[in-house]
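Student: requesting a structural model of the entry that follows:
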Amino acid sequence: MHLAVYLPLLPPVAAALSARWLAARLDPRAATWLLTAAALLLAAASTTALGLLAIAGLVRIPLVASLGRLSRTALAGTDPTARLVSLAAGLALSAAALTAARALWHRGRALLAAAREARRLPGTGDVVILDGPADAYTLPGAPGRIVVSTRMLAGLTGPERGVLIAHERVHLHARHHWFAAATRLAASLNPLLRPLERATAYTIERWADEHAARGCGDRRLVARTVAKAALLRAGGPRRAVTALGIAGAELAAGGPLPRRVAALMAAPPRRRLPLIAAVAAVLLLTGLCTAEAAGDLEDLLEAAGA
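Tutor: Prediction:
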């Protein structure tokens, strides 16, 4: 194994450092797609690299080499991978697999719970109004539903209610829960990608904010609605199911809500195609390095089995 196998382990570090910067500068819809794709590709590349390093050490175990009819002399002479590196890669790969399996289990249960709750809600429309604490959220399902509490509606004006519903409809129709699930899976495979998960959660909300702003033509109205809804929601119980909403409990926690409001008070974001192309180029190079590393392992096994 050569240097190519280690290169896919480096881009996740750069991605973690630049995720928030990219989320703030790109159009939210483009940023959501780009960050999700980057998280999945980088998670796959780093996991593959760990697997290749682990296999390179595994085949050097005498029993494994004999079962595979591989030459131990050829393996020792052509593979510079240290056994300690292979062992560390194997342990990291095992931990990643367990963490990813647990994340898939919990996310799957949450989505199923949301779908069941959506089916039990009264009415046939996509918006359901229920009594309860100030809240607004989207339940993905078939069909998905938008739930808004009477206290939330009572705290908003008519135009603000329209913004709230428009925001939630974007979450529902654009299936934002799949972007969140994909980045959660990527972060479970590679913890370095957690900033991408957080950045994607932010751009998902910004995507819905911008859609609502285009619909009503008043960015200040959307900014005011976002802030008021969060204040109404603050202090209330947090949802246990997968729910995306305008009224997250971010304000008290000092989360990204102030950045969302500030972005709505500024000019609409630009697409910035050169920046997107630069990120895509890095992802392409990462994929090529991963393919090259896989080719190196194949050549090693062929040489050892000759």
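Student: now the helices: where do they sit in the stretch 101-250 of the chain?
Tutor: Applying DSSP state H, counting those that start in this stretch to the stretch 101-250 of the chain gives helices spanning 150-154, 158-173, 176-189, 194-216, 219-233.
Student: please name whichever of those helices is nearest to Arg120.
Tutor: Across these, Arg120 has its closest neighbour in helix 158-173 (16.9 Å, CB to CB). No exception for glycine: its C-beta is placed from N, CA and C like everyone else's.
Student: neighbouring contacts of stretch 203-221?
Tutor: If you take CB atoms under 8 Å, 6 or more residues apart in numbering as the criterion, stretch 203-221 is touched by 23, 26-29, 31-32, 35, 159-160, 162-163, 166-168, 170-171, 174, 176, 179-180, 222, 225-226, 244, 246, 248, 256, 260, 263-265, 268-269.
Student: if we can go back for a sec, how about TSV for the helices of the stretch 101-250 of the chain, with distance to Ala281, mean neighbour count and mean pLDDT added?
Tutor: Listed next are these as TSV, based on distance: least, CB to CB, whole Å; neighbours: other CB atoms under 10 Å; pLDDT from 0 to 100:
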stretch	distance to Ala281	mean neighbour count	mean pLDDT
helix 150-154	44	17	93
helix 158-173	30	20	95
helix 176-189	20	22	95
helix 194-216	17	23	95
helix 219-233	33	22	92
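Student: distance to Ala291 added to those, as JSON lines?
Tutor: Output for these, formatted as JSON lines (distance: least, CB to CB, whole Å):
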{"stretch": "helix 150-154", "distance to Ala291": "50"}
{"stretch": "helix 158-173", "distance to Ala291": "36"}
{"stretch": "helix 176-189", "distance to Ala291": "19"}
{"stretch": "helix 194-216", "distance to Ala291": "22"}
{"stretch": "helix 219-233", "distance to Ala291": "44"}
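Student: how about those helices, which one is nearest Leu52?
Tutor: The closest of the helices of the stretch 101-250 of the chain to Leu52 is helix 176-189. By CB to CB, the value is 15.0 Å.
Student: what packs against the helix or strand that contains Ala278?
Tutor: Here Ala278, judged by DSSP states H and E, is contained in helix 273-305. For helix 273-305, the elements it packs on are helix 11-25, helix 28-58, helix 72-78, judged by 3 or more CB pairs under 8 Å, 6 or more residues apart in numbering; DSSP states H and E.
Student: could you redo the last one with a cut-off of 6 Å?
Tutor: Contact here means 3 or more CB pairs under 6 Å, 6 or more residues apart in numbering; DSSP states H and E; on that basis helix 273-305 packs against helix 28-58, helix 72-78.
Student: quick check: buried residues in it?
Tutor: The neighbour-count check on helix 273-305 (16 or more other CB atoms under 10 Å) flags 275-276, 279, 282-283, 286-287, 289-290, 293-294, 296-297, 300-301, 304 as buried.
Student: and what of stretch 17-36?
Tutor: By neighbour count on 16+ other CB under 10 Å, the buried set for stretch 17-36 is 18-20, 22-24, 26-36.
Student: quick one: end-to-end length of that stretch, please.
Tutor: 16 Å (CA to CA, to the nearest Å).
Student: mind listing residues that contact that stretch?
Tutor: Residues outside stretch 17-36 that contact it (CB atoms under 6 Å, 6 or more residues apart in numbering): 179, 182-183, 195-196, 199-200, 202-204, 206-207, 210, 269, 271-272, 279.
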